[in-house]
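*Asks:* Return atomic coordinates for the entry below.
(one chain, ligands or ions: 1)
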Amino acid sequence: MSRPSPRSFLQRLSDGPMVGAEGYVFELERRGYIKAGPYVPEVILDDPGALRQLHSEFLRAGADVMVALTYYAHRRKLKDVGREGQLEELNRQAVRIANEIATEGGALVAGNICNTWSYDPADPVASGKVVRAQYLEQLGWAVEEGVDFVIAETNDFVGEALIGLEVCQELGLPALVTFASVQPETTYDGYGYVQACKMLADAGAAVVGLNCSRGPATMLPLLEQIRAAVDVPVAAQPVPYRTTPAIPAFESLESPAGRAFPIALEPFALTRFEMAGFAGAAARLGAGYIGVCCGGAPHHVRAMAEELGRRPPASRYSPALELHPVLGEPSPAKALMGDWAARQD
Ligand SMILES: [Zn+2]
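*Replies:* As a prediction, the model looks like this:
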């Protein structure tokens, strides 16, 4: 075990925006290794090679962090699929695999916790104890296997996010804490998203921000307000889908065929160019950790990394349409990116 890395998470953040890559559960579901519905990452034990491959692809595409796939690998979820007895094995193996691949490219490793579905704002003390116990066991194993920091994400409640942060602090781990902004204005316990981020920053989170739920168009305006309200670095990991002011979160998107979330979202998918446009805009706003969430794939990450001035290993095969006998330049895709970027200004 060689964590924490010689150059720490906080030092890496001070070098300029870091590139994040998530959406492992969605992508591995599409590839046939995780069941939609429970969304428990059984792939960790059942098909570890498939998980290694996706980590490698995100690393090649420019991700600075390998996030251990312990999302929904907590006691409550494992019970749902009858694998509670494998909880420790699953968590340890996820962190080991993240470490194994991170080492190949000098990436950091993040432990990962998320909303537990156990928190009840009407009974915060008793339910908080249940949440806390789940985070403690997951992160205890993560520390033993070696992580640089923790991503505590898709939080719906400030109360639950604060418990996650406290557990990180007890274990001496820097925490990146993000909220899912499913509702238009507030968390499920009634705090505005800006206020929620400020509360977590004031409580000592190293990074605060938003992940999942919103696409770039509806995350950017909130991001700007969060950036102005806190002194710590801000994280932004949207979903690569076309959300709108009328429907700000992808959970509510509908196509003519009906509800799109979570497994019929393709009609709303954003291109790599649009996600690159987001990365540039987020960097100009001052975001310190920029990535993708559910629906994201390596081609998005590579385009975003390139927009931020990187040239990751996968850039060796970045498009060169001018070498195609017919397509040539200018490409419609580039024009599209121009339109989209212009609309954001
Ligand atoms: Zn997500």
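
*Asks:* ok, residue 194 to the ion distance?
*Replies:* For residue 194, the distance to the ion (C-beta to the ion, to the nearest Å) stands at 20 Å. C-beta: built from backbone N, CA, C; applies to glycine.

*Asks:* Please identify the helix or strand for that residue.
*Replies:* Per DSSP states H and E, residue 194 falls inside helix 193-202.

*Asks:* Touching, residue 84 and residue 73? I think so.
*Replies:* No: taking contacts as C-beta atoms under 8 Å, residue 84 lies outside contact range of residue 73: 11.1 Å.

*Asks:* what residues are up against residue 80?
*Replies:* Contacts for residue 80 (C-beta atoms under 8 Å, 6 or more residues apart in numbering) come out as 38, 40.

*Asks:* and it, backbone torsions?
*Replies:* Dihedral pair for residue 80: phi -60, psi -30, per degrees, to the nearest 10.

*Asks:* how about the nearest residue to the residue of the stretch 101-250 of the chain found nearest the ion, chain neighbours excluded?
*Replies:* Proximity of the stretch 101-250 of the chain to the ion (C-beta to the ion) peaks at residue 212, 3.2 Å away. Computed as C-beta to C-beta, 6 or more residues apart in numbering, the closest residue to residue 212 that is not its neighbour in sequence is residue 293, at 4.3 Å.

*Asks:* Thought residue 211 was touching the one you found, still the case?
*Replies:* Yes: using C-beta under 8 Å, residue 293 is in contact with residue 211, at 5.0 Å.

*Asks:* Give the intersection of the neighbour lists for these two.
*Replies:* 22, 237-238.

*Asks:* Contacting the ion as well, which ones from those?
*Replies:* When contact is defined as C-beta under 5 Å from the ion, the shared contacts of residue 293 and residue 211 do not meet the ion at all.

*Asks:* residues touching the closest residue to the ion within the stretch 1-150 of the chain, list them.
*Replies:* Scanning the stretch 1-150 of the chain for the residue nearest the ion gives residue 23, at 5.9 Å (criterion: C-beta to the ion). For residue 23, the contacting residues are 239, 292-297, by C-beta under 8 Å, 6+ apart.

*Asks:* In JSON lines, list these along with distance to residue 279, neighbour count and secondary structure.
*Replies:* Shown next, in JSON lines, are the contacts of residue 23 (distance: C-beta to C-beta, whole Å; neighbours: other C-beta atoms under 10 Å; DSSP: H, G, I helix; E, B strand; the rest coil):
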{"residue": "239", "distance to residue 279": "14", "neighbour count": "31", "secondary structure": "coil"}
{"residue": "292", "distance to residue 279": "9", "neighbour count": "30", "secondary structure": "coil"}
{"residue": "293", "distance to residue 279": "13", "neighbour count": "30", "secondary structure": "coil"}
{"residue": "294", "distance to residue 279": "17", "neighbour count": "25", "secondary structure": "coil"}
{"residue": "295", "distance to residue 279": "15", "neighbour count": "24", "secondary structure": "coil"}
{"residue": "296", "distance to residue 279": "12", "neighbour count": "27", "secondary structure": "coil"}
{"residue": "297", "distance to residue 279": "15", "neighbour count": "21", "secondary structure": "coil"}
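
*Asks:* Name whatever forms a beta bridge with the closest residue to residue 64 other than its chain neighbours.
*Replies:* Nearest residue to residue 64, sequence neighbours excluded (C-beta to C-beta, 6+ apart): residue 18, at 4.5 Å. Bridge pairing for residue 18 (DSSP bridges) gives the partners residue 289.

*Asks:* so what's residue 18 up against?
*Replies:* 12, 64-65, 288-290.

*Asks:* got it, and residue 118?
*Replies:* So residue 118 contacts 76, 127, 130-131, 134 (C-beta under 8 Å, 6+ apart).

*Asks:* and it, what element?
*Replies:* Applying DSSP H and E, one finds residue 118 in no helix or strand.

*Asks:* Residue 178 now?
*Replies:* strand 175-179.

*Asks:* close to the ion, is that strand?
*Replies:* No: using C-beta under 5 Å from the ion, strand 175-179 stays clear of the ion, with a minimum separation of 9.8 Å.

*Asks:* Flag every buried residue along that strand.
*Replies:* Buried residues in strand 175-179, counted by 16 or more other C-beta atoms under 10 Å: 175-179.

*Asks:* between these, which is nearest residue 60?
*Replies:* Closest approach to residue 60 among the buried residues of strand 175-179 (C-beta to C-beta): residue 176, at 22.6 Å.

*Asks:* do you know how far that closest one is from residue 299?
*Replies:* Using C-beta to C-beta, to the nearest Å, one gets 24 Å for the distance from residue 176 to residue 299.

*Asks:* again, but for residue 32
*Replies:* Taken as C-beta to C-beta, the span from residue 32 to residue 299 is 19 Å.

*Asks:* So for those two, which residue has more residues nearby?
*Replies:* residue 299 (17 against 10; other C-beta atoms under 10 Å).
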